[in-house]
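>>> Here's a sequence, model it:
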Amino acid sequence: MSGANPSGHTWSRKPKAKEEEEEDPFDQMIARTGCASFHYAVQECMAEHQDWRRCQKEVLSFKDCMSEYQKQRTEEYQRRQKTYQATS
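Predicted structure coming up:
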């Protein structure tokens, strides 16, 4: 096996440009809730302490934010259901 090319492939994948890179779907979901700053605070605390028990303040703040978001979603869904039923 002699030749100019070493064994293996000769093609390469072009790296994506910054604008082509997609944001993580999980990060997108968290951003839509309005709770991203609380989520990042939990991540930073965990990175610093490596123990979720030492991050209870951050975890509870994130939980409260997500609970409020879920409550608002539920109320909006119920309003839409009532509007739909009233127009049917």
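
>>> What residue, apart from its backbone neighbours, is nearest residue 59 spatially?
residue 42 (5.7 Å; CB to CB, 6 or more residues apart in numbering). The way it works is simple: take the backbone N, C-alpha and C, and place the C-beta from them, glycine included.

>>> And the one you found, which helix or strand is it part of?
Per DSSP states H and E, residue 42 falls inside helix 36-49.

>>> repeat for residue 64
Element membership of residue 64, judged by DSSP H and E, is helix 56-87.

>>> buried residues in that helix?
58, 59, 61, 62, 65, 66 (16 or more other CB atoms under 10 Å).

>>> what helices or strands is it leaning on?
Counting contacts by 3 or more CB pairs under 8 Å, 6 or more residues apart in numbering; DSSP states H and E, helix 56-87 packs against helix 25-33, helix 36-49.

>>> contacts for the first one?
Applying CB atoms under 8 Å, 6 or more residues apart in numbering, the set of residues contacting helix 25-33 from outside is 36, 39, 65, 66, 69.

>>> Next: the longest one.
Outside of helix 36-49, the residues that reach it under the criterion CB under 8 Å, 6+ apart are 27, 30, 52, 54, 55, 58, 59, 61, 62, 65, 66.

>>> which pair in the residues you listed spans the largest distance?
The distance between the two most remote of these (CB to CB) is 23.9 Å, for 27 and 54.

>>> okay, the closest residue to residue 61 other than its chain neighbours: pLDDT?
Residue nearest to residue 61 in three dimensions, not counting chain neighbours: residue 38, with 5.0 Å by CB to CB, 6+ apart. At residue 38, the model reports a pLDDT of 97.

>>> try the one 4 residues further on
Model confidence at residue 42, expressed as pLDDT, equals 97.

>>> Distance of it relative to residue 31?
Plainly put, residue 42 is 15 Å away from residue 31 if you go by CB to CB, to the nearest Å.
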